[in-house]
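Student: structure here, sequence nowhere to be found:
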């Protein structure tokens, strides 16, 4: 039996797998104690610590561009439309998307997936050149080789993005999960739900956050184990008992989603070549 060191978060679509309800006589997944899983993404791409890992799609594409030996599994474990996550402090008066040129906008890291999707939305729907925004970040990129563009500055040590927003030290912020509700912090994009629905109709895609990757060496040496991991993930997904619209599995089910993600990342020069979708997979994962 293959023992695979695994990084995977706790979601409805992974619950059955992590609770041991999807048995296998071929592989044993040893789950790393990392919460949230994004805290381990540097270890995925820098140290190659995990045989199987959840990974942000932008991080994966950047890692591929820098030759990291990782292969994509066509399994979406996290996706959402990012439109509500660009916020501002309403106590400081109205602020429109087009007003962000020349302003300071906080984001955890310049290359974080939520930030990349929102910069793409701002460019497409509001003609905002992200190069004219002063991005204030709090962490470096997961991929060590990446260098932030010149309009990115690091926040002082110990600062937090929402605290800076409420203090007026930044004009807007891109926030993730887990932010405590505050009536002063509101979405900057008008009617974000309607904007998200319009984006989906326009692109015929969802906005992927995290998929699953395997080490290239594992896929080459144990293709049967990789197929078994995918079977287990799929079984867990199907056992979730929820609307799985944002958790597509399979290469063809994700082809359009990945095309749009690649375009998003390439247009922002986070990668220097527009990959074809099939380049993200190998002989084993490309048939799933």
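Tutor: Perfect, I can see it now. It should be emphasised that the depicted structure is a prediction, and the values quoted were computed from it without experimental measurement.

Student: where does the prediction get shaky in the protein?
Tutor: Low-confidence segments of the chain (pLDDT under 70): 177-180.

Student: what sits against residue 52?
Tutor: 4, 5, 6, 7, 8, 29, 212, 213, 214, 215, 218, 229 (Cβ atoms under 8 Å, 6 or more residues apart in numbering). From N, CA and C alone the C-beta is placed, and that goes for glycine too.

Student: can I have the buried ones of the residues you listed as a ChimeraX selection?
Tutor: Selecting only the buried entries of those in ChimeraX, with 16 or more other Cβ atoms under 10 Å as the criterion:
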select :4,6,7,8,29,212,213,214,215,218,229
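
Student: so which of the contacts of residue 52 belong to helices?
Tutor: The members of the contacts of residue 52 that map onto helices under DSSP state H are 218, 229.

Student: could the contacts of residue 52 go into JSON lines alongside distance to residue 124?
Tutor: Converted to JSON lines, these look like this (distance: Cβ to Cβ, whole Å):
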{"residue": "4", "distance to residue 124": "39"}
{"residue": "5", "distance to residue 124": "39"}
{"residue": "6", "distance to residue 124": "36"}
{"residue": "7", "distance to residue 124": "32"}
{"residue": "8", "distance to residue 124": "32"}
{"residue": "29", "distance to residue 124": "39"}
{"residue": "212", "distance to residue 124": "28"}
{"residue": "213", "distance to residue 124": "28"}
{"residue": "214", "distance to residue 124": "33"}
{"residue": "215", "distance to residue 124": "35"}
{"residue": "218", "distance to residue 124": "37"}
{"residue": "229", "distance to residue 124": "36"}
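
Student: quick check, nearest of the contacts of residue 52 to residue 147?
Tutor: Set against residue 147, the nearest of the contacts of residue 52 by Cβ to Cβ is residue 213 (23.1 Å).

Student: for the closest one, list each beta-bridge partner.
Tutor: residue 53, residue 72 (DSSP bridges).

Student: the stretch 151-288 of the chain: helices as residue ranges?
Tutor: 161-166, 192-203, 216-221, 223-238, 251-267 (DSSP state H, counting those that start in this stretch).

Student: and the residue nearest to residue 280 when sequence neighbours are not counted, how many neighbours?
Tutor: Leaving aside its chain neighbours, residue 280 sits nearest to residue 72 (4.4 Å; criterion: Cβ to Cβ, 6 or more residues apart in numbering). Neighbour count for residue 72, taken as other Cβ atoms under 10 Å: 25.

Student: ok, residue 72 touching residue 213?
Tutor: Yes - the pair residue 72 / residue 213 is scored as a contact, 5.7 Å apart, by Cβ atoms under 8 Å.

Student: between those two, which contacts overlap?
Tutor: With Cβ under 8 Å, 6+ apart, residue 72 and residue 213 have common neighbours residue 60.

Student: so residue 12 sits in a strand?
Tutor: No - counting by DSSP: H, G, I helix; E, B strand; the rest coil, residue 12 is located in no strand; its state is coil.

Student: and the closest residue to it other than its chain neighbours, its phi and psi?
Tutor: Leaving aside its sequence neighbours, residue 12 sits nearest to residue 240 (Cβ to Cβ, 6+ apart; 4.4 Å). Dihedral pair for residue 240: phi -70, psi -30, per degrees, to the nearest 10.

Student: same question, residue 222
Tutor: The phi/psi pair for residue 222 (degrees, to the nearest 10) is phi -140, psi 60.

Student: residues contacting residue 13?
Tutor: Here residue 13 is in contact with 77, 233, 236, 237, 240, 242, 244, 247 (Cβ under 8 Å, 6+ apart).

Student: tally of neighbours for the fourth one?
Tutor: Right, residue 237. Other residues close to residue 237 by other Cβ under 10 Å number 24.

Student: hmm, it is touching residue 245, no?
Tutor: No - using Cβ under 8 Å as the test, residue 237 is too far from residue 245 to be in contact (11.9 Å).

Student: pull out the buried members of the contacts of residue 13.
Tutor: 77, 233, 236, 237, 247.

Student: so the last one sits against residue 239, correct?
Tutor: No - counting by Cβ under 8 Å, residue 247 sits too far from residue 239 to count as a contact (12.0 Å).

Student: domains for the chain, by residue range?
Tutor: Here the domain parsing of the chain from automatic domain parsing is 2-80+207-287, 83-202.

Student: can you get me the start-to-end distance on the first one?
Tutor: Think domain 2-80+207-287. End-to-end span of domain 2-80+207-287 (Cα to Cα, to the nearest Å): 21 Å.
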